[in-house]
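# Predicted model follows, preceded by the sequence.
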Amino acid sequence: MQRARRARIVATLGPASRAPGTVKALAQAGVDVFRLNFSHGSHDDHAAAFKAVRGAEMALKRPLGILADLQGPKLRLGRFSDVEIEVKPGHQMRFDLNPALGDEKRVQMPHPEILKSLRPGMLLLLDDGRVRLRVGERTDEWCDVTVESGSKLSDRKGVAVPEAVIPVSALTPKDREDLAFALRLGVDWVALSFVQKAEDMAELKSIVNGQAACLAKIEKPQALNDLESILDYCDGVMVARGDLGVEMDPEEVPVAQKKILRAARQRGVPAIVATQMLESMTSAPAPTRAEASDVANAVYEGADALMLSAETAAGDYPLEAVTIMNRIMERVERDPLWPGLMDAEHAGMDIDDVDALVAAARKAAEASSTACMVVFTTLGGTARRMS
């Protein structure tokens, strides 16, 4: 029943992996938690995947977690009259609330809350950062922008505003429907996307009301500024490097990852590192050496879990991706240096009865004669502290 490692693997289910036989094989290869990504697929798809996981759980006679990942607000441009337009550096155009089809001079920005939050000089990112714009004159109904880099723009491309907090709820009407469905299924975890502030997590916790654990996906720079307050409402946190990398310069993402992991470890909040862990294995049977180092370094940093996304959801080699990730993680934890690194970052114990017992039990666990430890717990808190 026991893994030969302490860090966990989260794998996303999708067309390449949601068949019952594949789910069982992935669990045997090393997956501990399966992610249902509500940005894709229907409720029927997720219900079938949920059933497959619970079936694998019964067959293997060990618990498997299920994480429902809500899509969150997707801010997008309107539509163009042509398939796409050219937007070379220096090109100027206007974003406004007019729903008419756009052209090279203007296009709809169907989000008045964005227009109200913009200020001259702010940066706008479109299409996952492929097009960078700078805001010029603006009102609450339109803004003029100048292209700094990019080449083409087409319908419904995503909009990111890294320098402003957009006053929108992190829970869209779609998210509320998906959340209600996921809770009816009986998922173990719910992840909230595009968290900007503590109030976003507080709203989720209020709705979930103890039916599942709540996890914050940190993928907005604004969330880093309110990280400690966000952690107050978290049962877990995810370093979502994909969208975080869109709104931050590449050199800032590793620093943000370390900051989030350090803050989570100090709080005793489980932390997941996600996105592009083994990206090349979406279409290749083996990872690059850089990817292997990335996985290993995340474990050395104290991540509680690593997540596979497209690698298992839509890739050609889902089983191989899990297998090699499992091998890398086991190898790191066999390194004689690893326990010392983890011990050096332990948070100080509060002086209360539970922590005193946990501290004593931890010392006992280091004795070679200790084969097993049992934690009695009502709500799980003591077990989590022990872990």
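Arrived safely. Residues are numbered from 1 along each chain as shown.
# any chance you could map the helices in the stretch 201-350 of the chain?
With helices called from DSSP state H, counting those that start in this stretch, the stretch 201-350 of the chain shows them at 221-225, 227-231, 241-247, 253-267, 289-300, 310-313, 318-334, 337-344.
# Highest mean neighbour count out of these?
helix 310-313 (a mean of 26; mean count of other C-beta atoms under 10 Å). All C-beta atoms are positioned from the backbone trio N, CA, C, and that covers glycine.
# related to what we said a few turns ago, okay if I get the helices of the stretch 201-350 of the chain as a markdown table plus mean pLDDT?
Formatted as a markdown table, the helices of the stretch 201-350 of the chain follow (pLDDT from 0 to 100):
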| stretch | mean pLDDT |
| --- | --- |
| helix 221-225 | 91 |
| helix 227-231 | 96 |
| helix 241-247 | 89 |
| helix 253-267 | 94 |
| helix 289-300 | 97 |
| helix 310-313 | 97 |
| helix 318-334 | 97 |
| helix 337-344 | 88 |
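# Would you convert those helices into TSV that also reports distance to Gln108?
Compiled in TSV, the helices of the stretch 201-350 of the chain are given as follows (distance: least, C-beta to C-beta, whole Å):
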stretch	distance to Gln108
helix 221-225	25
helix 227-231	32
helix 241-247	22
helix 253-267	31
helix 289-300	39
helix 310-313	30
helix 318-334	39
helix 337-344	51
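# Quick one: residues contacting the residue nearest to the spatial centre of the chain.
The centroid of the chain falls nearest to Ala240 when counting by C-alpha atoms, centre = their mean (3.9 Å). Ala240 makes contacts with Ser193, Lys217, Ile218, Glu219, Ala274, Thr275, as judged by C-beta atoms under 8 Å, 6 or more residues apart in numbering.
# so the second one bridges to which residues?
Spelled out, it's Lys217. Lys217 has these beta-bridge partners by DSSP bridges: Met238.
# ok, so what distance separates it from Leu118?
24 Å (C-beta to C-beta, to the nearest Å).
# Looking at these two, which is more packed in?
Lys217 (25 against 22; other C-beta atoms under 10 Å).
# Am I right that the more buried one is in contact with Trp189?
No. Taking contacts as C-beta atoms under 8 Å, Lys217 lies outside contact range of Trp189: 11.5 Å.
# which stretches of the stretch 1-150 of the chain form helices?
20-29, 43-60, 112-117.
# circling back: between the helices of the stretch 201-350 of the chain, which gets nearest to Thr146?
helix 241-247 (19.2 Å; C-beta to C-beta).
# if we can go back for a sec, local confidence estimate at the residue nearest to the centre of the chain?
Confidence at Ala240, expressed as pLDDT, is 94.
# What distance do you get for it to Ile260?
In terms of C-beta to C-beta, Ala240 sits 10 Å off from Ile260.
# hey, what's in contact with both of these two?
Ile218.
# how far away is the residue nearest to the centre of the chain from Leu126?
Counting by C-beta to C-beta - Ala240 and Leu126 are separated by 19 Å.
# same thing with Asp69?
24 Å.
# Those two: which is more packed in?
Asp69 (28 against 20).
# Now that that one has come up, it's in contact with Ala182, right?
No. If you go by C-beta under 8 Å, Asp69 and Ala182 don't touch, sitting 9.3 Å apart.
# Residues that sit against both of these two, list them.
What both Asp69 and Ala182 touch, as defined by C-beta under 8 Å, 6+ apart, is the set Leu36, Phe38.
# Any idea how many residues pack against Glu279?
Neighbour number of Glu279 under other C-beta under 10 Å is 20.
# List the residue ranges of this structure that fall below the pLDDT cut-off.
Under the criterion pLDDT under 70, the flagged ranges of the chain are 1-2, 347-351.
# per-domain residue ranges of it.
8-72+171-340, 84-160, 348-386 (automatic domain parsing).
# just so I know, which of these lies nearest Gly78?
Using C-beta to C-beta, the nearest of the domains of the chain to Gly78 is domain 84-160, at 2.9 Å.
# End to end on the closest one, go ahead and measure it.
With C-alpha to C-alpha, to the nearest Å as the measure, domain 84-160 spans 19 Å from end to end.
# Gln108 - nearest residue in space that isn't next to it in sequence?
Nearest non-adjacent residue to Gln108, counting by C-beta to C-beta, 6 or more residues apart in numbering: Gly78, 2.9 Å away.
# hang on, the earlier thing: of the domains of the chain, flag the one that's most buried.
domain 8-72+171-340 (a mean of 19).
# what's the straight distance from one end of that domain to the other?
So domain 8-72+171-340: terminal residues 19 Å apart, C-alpha to C-alpha.
# try stretch 223-237
11 Å.
# cool, and stretch 56-74?
Termini of stretch 56-74 sit 34 Å apart (C-alpha to C-alpha).
# Next up, the contacts around Glu291.
Gln276, Met277, Leu278, Glu279, Ser280, Met281.
# Repeat the analysis, applying 10 Å as the threshold.
Gln276, Met277, Leu278, Glu279, Ser280, Met281, Glu311, Ala321, Ile324, Met325, Ile328 (C-beta atoms under 10 Å, 6 or more residues apart in numbering).
# how close does the last one get to Asp82?
It stands for Ile328. From Ile328 to Asp82 the distance is 47 Å (C-beta to C-beta).
# coming back round to it: can you say which of the helices of the stretch 201-350 of the chain is nearest to Met109?
So among these, helix 241-247 is nearest, using C-beta to C-beta, at 17.5 Å.
# what about the closest residue to Ala213 other than its chain neighbours, distance to Thr282?
Take Ala213 and drop its neighbours on the chain: the residue closest to it by C-beta to C-beta, 6+ apart is Asp235, 3.8 Å away. Between Asp235 and Thr282 the distance is 30 Å, computed by C-beta to C-beta.
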